[in-house]
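K.L.:
coords please:
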Amino acid sequence: MKMLYRVLFVIYITILLWLSLSTPTGIVKFAQDFSIFRLDYTLHVVGFIPMPIISYLASGHSEHRKLWQIFMVLTFFLSFALEYVQMLVPGRRFNPLDMLFNVIGVVVGLVVIHFTHRHIKKISKETGKKISSK
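P.N.:
Now for the predicted structure:
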């Protein structure tokens, strides 16, 4: 199952690379201006939430801590690098706020992992107590 998640991780990175580095004519432009907030900021957050989750699943949860750390470094690196490299793509531009919202998406994904992991541990402890009390 870990191999499937590792393949999903590579596919997801490939999709993010394509979306981030395509020329604006190749993708739909989402930079709609809604006063202070732009819709593409939401897409940056939503686009990066799955990365730490897929990384967590691909690393085999807590049994391969080093692999998890490597995936997380790669995730944070990508959240910065994709925006930086856009300076080199014709028709694209560097926006530090996009970078910020990428990182916010990664952090939200980490929070989801944290609370899910705590919930699973709590359930397994309760189940273990019920089993041992029989």
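
K.L.:
for the residue nearest the centre of the chain, list the residues it contacts.
P.N.:
Central residue of the chain (C-alpha atoms, centre = their mean): M51, 2.5 Å from the mean position. Residues near M51 by C-beta atoms under 8 Å, 6 or more residues apart in numbering: 9, 12-13, 16, 75, 78-79, 105-106, 109. C-beta: built from backbone N, CA, C; applies to glycine.

K.L.:
cool, and Y5?
P.N.:
Contact analysis of Y5 by C-beta under 8 Å, 6+ apart lists 54, 57-58.

K.L.:
now the residue nearest to K2 when sequence neighbours are not counted: how far from F71?
P.N.:
Counting by C-beta to C-beta, 6 or more residues apart in numbering, K2 lies nearest to G60, which is 4.9 Å off, once chain neighbours are set aside. Separation of G60 from F71 (C-beta to C-beta, to the nearest Å): 10 Å.

K.L.:
have a look at the two and say which one is more surrounded.
P.N.:
Applying other C-beta atoms under 10 Å to G60 and F71 shows that F71 carries more neighbours, namely 22 against 15.

K.L.:
quick check: nearest residue in space to that one, chain neighbours excluded?
P.N.:
Nearest non-adjacent residue to F71 (C-beta to C-beta, 6+ apart): S55, at 3.5 Å.

K.L.:
the one you found: neighbour count?
P.N.:
Using other C-beta under 10 Å, the number of residues around S55 comes to 26.

K.L.:
so where's this structure uncertain?
P.N.:
24-37, 61-63, 128-134 (pLDDT under 70).

K.L.:
buried stuff in the strand or helix carrying S20?
P.N.:
If you go by DSSP states H and E, S20 is part of helix 2-21. Of the residues in helix 2-21, 5-6, 9, 12-13, 16, 20 count as buried by neighbour count, 16 or more other C-beta atoms under 10 Å.
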